[in-house]
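Q: Structure for this input, please:
(one chain, ligands or ions: 2)
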Amino acid sequence: MKIIDGKALAVQMQADLKVKVEKLSEKGVVPGLVVILLGEDPASQVYVRNKERTAQRLGINSKVVRLPDQTSESELLALIDQYNQDEQWNGILVQLPLPAHISEEKVLLAIDPKKDVDGFHPMNMGRLWAGNPVMVPSTPAGIMAMFKHYDVDLSGKRAVVIGRSNIVGKPIAQLMMMANATVTIAHSRSKNLSELTKAADILVVAIGVAKFVTADMVKKGAVVIDVGMDRDENGKLCGDVDFDSVKEVASLITPVPGGVGPMTITMLMEQTIRSAEMSENNNSYSSNK
Ligand SMILES: NC(=O)C1=CN([C@@H]2O[C@H](COP(=O)(O)OP(=O)(O)OC[C@H]3O[C@@H](n4cnc5c(N)ncnc54)[C@H](OP(=O)(O)O)[C@@H]3O)[C@@H](O)[C@H]2O)C=CC1
Ligand SMILES: Nc1nc(=O)c2c([nH]1)NC[C@@H]1CN(c3ccc(C(=O)N[C@@H](CCC(=O)O)C(=O)O)cc3)C=[N+]21
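A: Ligands and ions are numbered 1, 2, ... in the order given. The predicted structure follows:
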């Protein structure tokens with residue numbers, strides 16, 4: 001068993017990104033990321049602070065707009081429109097989940113697809129599913145970067161994703177399919193889940209249930225990616241995978257913390273930089289393939 005060190009890979013990739021930002025800045029193009037956060041959810045506060053800190057370290061111009069929970073949908077939409085028009089900000093991210101009185105769909109549709117560094121706008125989701133991604137959601141992009149760095153070849157392999165959210169499950173399934181894996185997407189209605197997961201060469205878990213995947217559900221030698229950000233019975237941060245038992249079965253496994261999380265932030269920064277590059281090149285909004 002080998003542990004995938006997401007933290008170390010993130011640090012390594014961020015060093016390259018810092019150089020990129022310096023070069024762009026010399027040309028007068030400073031990438032700018034604005035993060036909009038509604039409410040006081042403590043986990044969201046931590047993630048947003050991590051994003052802000054990383055952006056600053058890389059020389060990316062960053063701004064966090066903190067708004068009260070009761071902010072109206074129209075206020076939020078007006079604010080997004082203001083940042084859509086403002087050339088100084090080439091990346092706009094609205095932290096999810098949003099309060100129940102605000103339509104997530106309307107908000108995601110309002111963000112200029114060119115500035116949608118999360119890749120959650122239906123235009124960007126559609127382009128991903130069409131096989132010509134422009135902006136890719138950062139968690140799945142981070143997982144693919146880990147596969148590349150650790151020489152995990154997906155071609156012809158059986159990959160199983162547990163979770164079908166728009167921000168993790170669906171896009172990672174599509175990216176693995178694009179890398180020629182045979183992909184199964186499981187969710188809370190799936191029957192005989194263990195049977196599916198036991199057949200997986202690659203298992204990606206994104207459900208939000210602490211230590212849900214146990215060793216008996218995993219094939220010997222499988223690669224296990226744990227996206228979960230959960231709390232165990234003692235309130236300690238843990239993932240969706242029971243790391244201590246599954247690590248004995250897996251050939252490669254990500255820890256929580258220090259696995260997918262740091263890579264998510266890194267890919268968000270990469271995407272922000274790419275979006276700044278596109279805005280420099282005459283607003284060309286096109287796939288990078
Ligand atoms: N490290 C990182 O960078 C990130 C971590 N996360 C974390 O990843 C986890 C998942 O996030 P997200 O995708 O947004 O979650 P959602 O809550 O949007 O989706 C959860 C998915 O898991 C499925 N599910 C829930 N319980 C079970 C179960 N017992 N068996 C099988 N499937 C189940 C649900 O099925 P159904 O559709 O049927 O309801 C749903 O498809 C969370 O812990 C979140 O905090 C999220 C984003 C980034
Ligand atoms: N519009 C939007 N975009 C997102 O990308 C987005 C979102 N909304 N909502 C919530 C999820 C979750 N997410 C994480 C980012 C970093 C860590 C992270 O840094 N994790 C650290 C630990 C953090 C801690 O100590 O709590 C780690 O795993 O090592 C985790 C989770 C981004 N998300």
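Q: residues touching whichever residue of the stretch 151-289 of the chain sits closest to ligand 2, list them.
A: Ranked by Cβ to the nearest ligand atom, the top residue of the stretch 151-289 of the chain for proximity to ligand 2 is residue 261, at 2.2 Å. For the C-beta atoms, the positions are set from N, CA and C on the backbone; glycine is no exception. Counting by Cβ atoms under 8 Å, 6 or more residues apart in numbering, residue 261 touches 6, 229.
Q: A helix includes it, no?
A: Yes. Counting by DSSP: H, G, I helix; E, B strand; the rest coil, one finds residue 261 located in a helix.
Q: Show the pLDDT at it.
A: What the model reports for residue 261 is a pLDDT of 98.
Q: so how far is residue 185 from it?
A: 22 Å (Cβ to Cβ, to the nearest Å).
Q: next one: residue 13
A: On the measure of Cβ to Cβ, residue 13 and residue 185 end up 28 Å apart.
Q: How about residue 156?
A: 18 Å.
Q: So for those two, which residue has more residues nearby?
A: Shown here are residue 156 and residue 185; by other Cβ atoms under 10 Å, residue 185 has more neighbours (19 against 9).
Q: Tell me the predicted confidence for the more buried one.
A: 98.
Q: same check, this time on residue 160
A: The model's pLDDT for residue 160 equals 99.
Q: where does the stretch 1-150 of the chain come near ligand 1, residue by residue?
A: residue 139 (Cβ under 6 Å from any ligand atom).
Q: for the stretch 1-150 of the chain, which spans come out with low pLDDT?
A: For the stretch 1-150 of the chain, no stretch has pLDDT under 70.
Q: And the residue of it closest to ligand 1?
A: For the stretch 1-150 of the chain, Cβ to the nearest ligand atom, closest residue to ligand 1: residue 139, 4.2 Å.
Q: For that residue, give me its contacts.
A: 167, 168, 171, 172, 206, 227, 260, 263, 264, 267.
Q: where's it relative to residue 159, distance?
A: Residue 139 is 16 Å from residue 159, by Cβ to Cβ.
Q: go on, residue 276?
A: 32 Å.
Q: Residues of the stretch 151-289 of the chain that sit close to ligand 2?
A: 229, 237, 256, 257, 258, 261, 262, 264, 265.
Q: So how do I select the buried members of the residues you listed in PyMOL?
A: A single PyMOL command is used to select the members of these judged buried by 16 or more other Cβ atoms under 10 Å:
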select buried, resi 229+256+258+261+262+264+265
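Q: Among the residues of the stretch 151-289 of the chain next to ligand 2, which ones lie close to ligand 1?
A: Okay, of those touching ligand 1 (Cβ under 6 Å from any ligand atom), that's 229, 261, 264.
Q: Tell me if I'm right that residue 273 and residue 21 touch.
A: Yes. The pair residue 273 / residue 21 is scored as a contact, 6.2 Å apart, by Cβ atoms under 8 Å.
Q: between the two, what contacts are shared?
A: 31, 60.
Q: Strands of the stretch 1-150 of the chain, residue ranges please.
A: Secondary structure of the stretch 1-150 of the chain, counting by DSSP state E, counting those that start in this stretch: strands at 2-3, 32-38, 61-67, 91-94.
Q: Could you say which of these is packed most deeply?
A: Highest mean neighbour count of the strands of the stretch 1-150 of the chain: strand 91-94, a mean of 26 (counted as mean count of other Cβ atoms under 10 Å).
Q: Contact partners for the residue in the stretch 51-200 of the chain that ligand 2 sits nearest to?
A: When scored by Cβ to the nearest ligand atom, the stretch 51-200 of the chain has residue 96 as its residue closest to ligand 2, at 3.8 Å. By Cβ under 8 Å, 6+ apart, the contact set of residue 96 is 104, 120, 167.
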